[in-house]
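[1] I'd like to go over a predicted model; first the sequence, then the structure.
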Amino acid sequence: MYLLSSQEQFAQSPEEQKACHAFLEQLKIVYGDAYRQTKDFLVYLEKEEMGRRHLEDWIFFTLYFRMGGVEQQEYKTAAYLACTSGFMAYTMAAQCNRRLGKTVFKPVDLGTDAEWELMVCRLREIVKQCREQEILIFIDMPFLDNPDIMEQLEAELRGTEASLGIIIHINMEAMIWAGRLIMENKTVMEILSEGLDSYAPQGKLIHAMENRKRLIITTCISGEGTAQKIKNLLEASFFDVPWLRIRSMDFEHLKDGAICRELKSCYNLLAIVGTDDPGIQDIPFIPIDKLIMGEDEGSLSSLFGDSISTIHREKINNRLVANFSLENMVGSITIIDARILMQDIEAFLERFERYTQETYRNNLKMNLFIHISAMMERLVRSSPIRNCQNLESIKEQNPEFIERFKRAFSLMQRKYGVEINDEEIGIIYQIIKNARKEK
C-alpha cells in the first residue's frame, strides 16, 4: 500500500527537508543494517522502474526494516531468501525478521529474466561471502523440481568451505521455524534434521552438503617448532588451494581424545603430516620422510578427490618434491648452514650405528636428520627440551643408549659449543623405538 501511495513526493518546506536529511543521517548511524537493506531495496525498485524514490521513502523503509529486528547479529548459520522476484525477497525477509524480532534472513534478488548461469553465479557469490559461517538458503527458482537441474545446482556449489543447506517451495512458516533454530545457533545439519514436514508441509529438503573446512595437521614429537616449519613448507606447496587450512599442533596435545573430537567436529580432517604417527583413528598419517624421499606418490594431493584438477594436482606434487628436499627441510629448521650440518649429522649417525651395532632404515635416518637439525637449533639457542615422558624408565632400562649417544655426539658437541641434556636424548630414543614398532 505504501509503494502505491508514495509515487508523488510530499511537498516540504526547506526547513522540513533539512530536518528530514538530518533525521535520515541519524538513522544511518544508529540503524546501519536497516539503512543498507533500504538502499538495496530502493535500488531494486528503481531498476524495476517502480518509480523514483524520495527522501521520505528512505526514512520509511529504514524504520520498516528496523522493525525486523535489532542490530545485525551474526549466527553460526547465515540465512538467505533468494527469489527471482526481488520485491518478494525483500518483503518476505522483512516480514519474517519482524516476526522473529531479529534480522536473520537476508534477501537476494536473482532477477526475473536472468539466465540460469547468472542465477547460479549470484548463489556462488553468497557462498563465497560466508567463509566463517554455515549457509541455509530458501530459494525460489524455476525448474528446481527437476532432479537434473537440482543436481546441476549442487555440482556448481560443491567444494565450498561452508556446510550448505537448500530448501525450495518457500513459505513463511518454514522460514519462521528455521529462523528460530538459527537464533539458537543450530548448525545447518541440526536445523535440517529437525524435520521440515511438521513446520512446512510444502517444504522440501533438497541437499545439505557437509563441506566443513578441510584441514591438514602437522606435528612433531620433539616440539611444535618443527611442526610449524613443516606447516610453512606445506603452505608454500598448497598456496593456490584456498579452501585448505594447515595447522601445526603439539604431538601430545594431538593424542588427547577430547582435542581430536573437537577438531573432527569443526573440520574435515584430511591427514596428519609429521615425523611420528600420533595414531589418530580414521585419519591418515603421512610421514615426512616419504615426502622428502618422493615416495608419497601423490598421497597428499589425492586427498582432495575431484576438488582439484589433474593438472593442478601435478603442479602441487612438483612443488612438494621441490619444497621437501632434505636440504631445504633442514635449512628451514635451523640457522646453521644446512649443507655443513647435514654432513655432520651423517657422520654422527655413522658413529652411532657403529656404537650400537645397528643399521637404520632410510626413512628412520630421514626422521633423525630432521629431529637432530631441530635439536641443534635448540641447543645453539640454549633452549633444549626440558620434558620427556618416561625419561626415568629409559635411564633405568637403557642406560647404555644414553651413554653411546653422548659418545657419538661428542664431536658435534665440541664443534658447535653446545651441551646436550638427557631429555633431548630421550626424545631421540622414543623416535627410534617407534620406528622399530612400525617394522
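    Perfect, I can see it now.
[2] extract the CA atoms of the helix or strand hosting Thr226 and return them as PDB.
    Thr226 belongs to helix 224-237 when elements are defined using DSSP states H and E. Once non-C-alpha atoms are left out, helix 224-237 reads as follows in PDB (Å, rounded to 0.1, in the frame of the first residue of the first chain):
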ATOM      1  CA  GLU A 224      55.800 -27.600  17.800                       C
ATOM      2  CA  GLY A 225      58.700 -25.600  16.300                       C
ATOM      3  CA  THR A 226      59.500 -28.300  13.800                       C
ATOM      4  CA  ALA A 227      55.700 -28.800  13.100                       C
ATOM      5  CA  GLN A 228      55.500 -25.100  12.300                       C
ATOM      6  CA  LYS A 229      58.300 -25.400   9.800                       C
ATOM      7  CA  ILE A 230      56.600 -28.400   8.100                       C
ATOM      8  CA  LYS A 231      53.400 -26.300   8.000                       C
ATOM      9  CA  ASN A 232      55.200 -23.400   6.300                       C
ATOM     10  CA  LEU A 233      56.600 -25.800   3.600                       C
ATOM     11  CA  LEU A 234      53.100 -27.300   3.100                       C
ATOM     12  CA  GLU A 235      51.600 -23.800   2.800                       C
ATOM     13  CA  ALA A 236      54.100 -23.000   0.100                       C
ATOM     14  CA  SER A 237      53.100 -26.100  -1.700                       C
END
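[3] strand partners of the next helix or strand after it, parallel vs antiparallel please.
    For helix 224-237, the succeeding helix or strand toward the C-terminus, using DSSP H and E, is strand 244-250. The strands that strand 244-250 pairs with in its sheet are strand 214-220 (parallel) (by DSSP bridges).
[4] what average pLDDT does the partner strand get?
    On average, the pLDDT along strand 214-220 is 88.
[5] that strand to helix 224-237, inter-axis angle?
    Here the directions of strand 214-220 and helix 224-237 differ by 140 degrees (axes from the mean of the first three to the mean of the last three Cα atoms, to 10 degrees).
[6] for Arg180, what are its contacts?
    For Arg180, the contacting residues are Leu100, by Cβ atoms under 8 Å, 6 or more residues apart in numbering. (C-beta placed from N, C-alpha, C; glycine too.)
[7] where does it land on pLDDT?
    We note a pLDDT of 89 for Arg180 in this prediction.
[8] same question, the one 10 residues further on
    Glu190 is assigned 75 on the pLDDT scale.
[9] what's the answer for Leu411, then?
    According to the predicted model, the pLDDT of Leu411 comes to 93.
[10] now for it, how many residues are close by?
    13 (other Cβ atoms under 10 Å).
[11] then Pro287?
    Per other Cβ under 10 Å, the neighbour tally for Pro287 reads 21.
[12] surely it touches Asn362?
    No - with the criterion set as Cβ atoms under 8 Å, Pro287 and Asn362 do not qualify as a contacting pair; they are 11.5 Å apart.
[13] show me the helices in the stretch 151-300 of the chain, by range?
    Ranges of helices within the stretch 151-300 of the chain are 172-183, 188-193, 224-237, 251-254, 257-266, 288-292, based on DSSP state H, counting those that start in this stretch.
[14] quick one: what helix or strand has the closest residue to Ile336 other than its chain neighbours in it?
    Taking Cβ to Cβ, 6 or more residues apart in numbering as the measure, Ile336 lies nearest to Met376, with 6.1 Å between them; neighbours along the chain are not counted. Per DSSP H and E, Met376 falls inside helix 362-380.
[15] tally of neighbours for the residue nearest to Asn185 when sequence neighbours are not counted?
    Nearest in space to Asn185, with sequence neighbours left out and distances taken as Cβ to Cβ, 6+ apart, is Lys76 at 4.6 Å. Burial of Lys76, expressed as a neighbour count using other Cβ under 10 Å, amounts to 16.
[16] Lys76 and Tyr360: what is the separation?
    As judged by Cβ to Cβ, to the nearest Å, Lys76 and Tyr360 stand 50 Å apart.
[17] give me the contact list for stretch 405-423.
    Residues outside stretch 405-423 that contact it (Cβ under 8 Å, 6+ apart) are 336, 344-345, 347-348, 351-352, 355, 375-376, 379-380, 384-388, 391, 395, 402, 425, 428-429.
[18] check which residues of that stretch are buried.
    Residues of stretch 405-423 classed as buried: Phe405, Ala408, Phe409, Met412, Val418, Ile420, Asp422 (neighbour count, 16 or more other Cβ atoms under 10 Å).
[19] could you do stretch 431-439 as well?
    Applying a neighbour-count criterion of 16+ other Cβ under 10 Å, the buried positions in stretch 431-439 are Ile431, Ile432, Asn434, Ala435.
[20] narrow the residues you listed to those in helices?
    Taking DSSP state H, the ones among the buried residues of stretch 431-439 that sit in helices are Ile431, Ile432, Asn434, Ala435.
[21] which residues are in contact with the closest residue to Val104 other than its chain neighbours?
    Spatial nearest neighbour of Val104, chain neighbours left out: Gly179 (4.4 Å); criterion: Cβ to Cβ, 6+ apart. Taking Cβ under 8 Å, 6+ apart as the criterion, Gly179 is in contact with Ala79, Cys96, Asn97, Leu100, Lys102, Val104, Phe105.
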